[in-house]
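# Got a predicted structure here, sequence first:
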Amino acid sequence: MKCTVIGMWGGFPEEDEPTSGYLIEKDGFHILLDTGSGVAAHVQNYVELNDLHHIVMSHYHYDHSVDLGAFLFGRMINMFMGRIDTELNIYGPDDQKIIDQVNDVKLSRFHPYDAGSQLNIGPFTIEFHRNNHPVETYAMRITDDEGKVLVYTADSSYMDSLVQFSEGADVLITECNSYEGEDAARLGHMNAEEAGLFSSRAGVKRTILTHLPHYGDVNELTESAEKAGAENVELAQVDQVIEI
Ligand SMILES: [Zn+2]
Ligand SMILES: [Zn+2]
């Protein structure tokens, strides 16, 4: 499978650099993970809106969800123009406000998931882990039909159960919201040392740090994660293509 980083900032976008959004592709199937600020515009460098039929949301904080409305209206207006008659499927944690928001727009349908769910979309199987974060949030383990595994943590503080969930992944895209020594857990996040420790304990082959802070020297994040034991650590970059 291939994963393209559409956005990687935490909180708010920078110029032409969105917040969370990751496009997964294989055999002509596309799945978008999260719809952060700027993602609806930027993802069109890689897939036409009418070719994107599956969006999986980790949670509904703005930096992961605020562009959802753009995808819903895009599908509806393209339908009115006779360009598409296929539903846009939105998968996310159960939330009546979001369910109504999605299902009230023509040609979009909401599918709730929880920690026990397994989604099968084209060549992909997606499993979920309930994170520790101020709102209901899930990490995703995506396995393709060749057995390759990508784990995307979304937002969470360090958890042993998240280590187990991520075990042996070929690629881990982990949040890294702050610097070594900062109290990230208080806000339901990981600092660079915790992200590195988590990666090392899970035994993943390659680690991409994302959900990056807007202050400090982000290269220090990589150093801290490596010092904590993580291997092959990189910072996520917009337009980065990860072959898995
Ligand atoms: Zn969040
Ligand atoms: Zn976030």
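Right, received. Where do you want to start? Ligands and ions are numbered 1, 2, ... in the order given.

# what about Y215, neighbour count?
Number of residues near Y215 (other CB atoms under 10 Å) recorded here: 8. Backbone N, C-alpha and C define where each C-beta goes, glycine included.

# quick one, phi psi at it?
Dihedral angles of Y215 (phi, psi; degrees, to the nearest 10) stand at phi -140, psi 160.

# cool, and F12?
Dihedral angles for F12 - degrees, to the nearest 10 - are phi -140, psi 160.

# give me every residue that touches it.
T19, S37, D63, H214 (CB atoms under 8 Å, 6 or more residues apart in numbering).

# how about stretch 92-104: buried residues?
For stretch 92-104, a neighbour-count test (16 or more other CB atoms under 10 Å) marks G92, P93, D95, I98, I99, Q101, V102 as buried.

# again with stretch 223-234
Taking 16+ other CB under 10 Å as the basis for neighbour counts, the residues of stretch 223-234 that come out buried are S224, A225, E226, A228, A230, V233.

# that older thread, so which of the buried residues of stretch 92-104 comes closest to ligand 1?
Distance to ligand 1 across those (CB to the ion) is lowest for P93, with 11.8 Å.

# that older thread, list only those of the contacts of F12 flagged as buried.
Among the contacts of F12, those classed as buried by 16+ other CB under 10 Å are T19, S37, D63.

# Of the residues you listed, which ones also sit close to ligand 2?
Contacts with ligand 2 within the buried ones among the contacts of F12, counted by CB under 5 Å from the ion: D63.

# Got the confidence number for the residue positioned nearest the centre of the chain?
For the chain, the residue nearest the mean C-alpha position is L33 (4.3 Å; CA atoms, centre = their mean). Residue-level confidence at L33 comes out at 99, pLDDT.

# got it, and L197?
For L197, the pLDDT comes out at 98.

# Quick check: buried residues in the host helix or strand of it?
Under the criterion DSSP states H and E, the helix or strand holding L197 is helix 192-202. By neighbour count with 16+ other CB under 10 Å, helix 192-202 contains the buried residues A192, E193, E194, A195, G196, L197, F198, S199, S200, R201, A202.

# Could you tell me how far that helix lies from the centre of the chain?
Distance, stretch centre to chain centre, for helix 192-202: 18 Å (CA atoms, centre = their mean, to the nearest Å).
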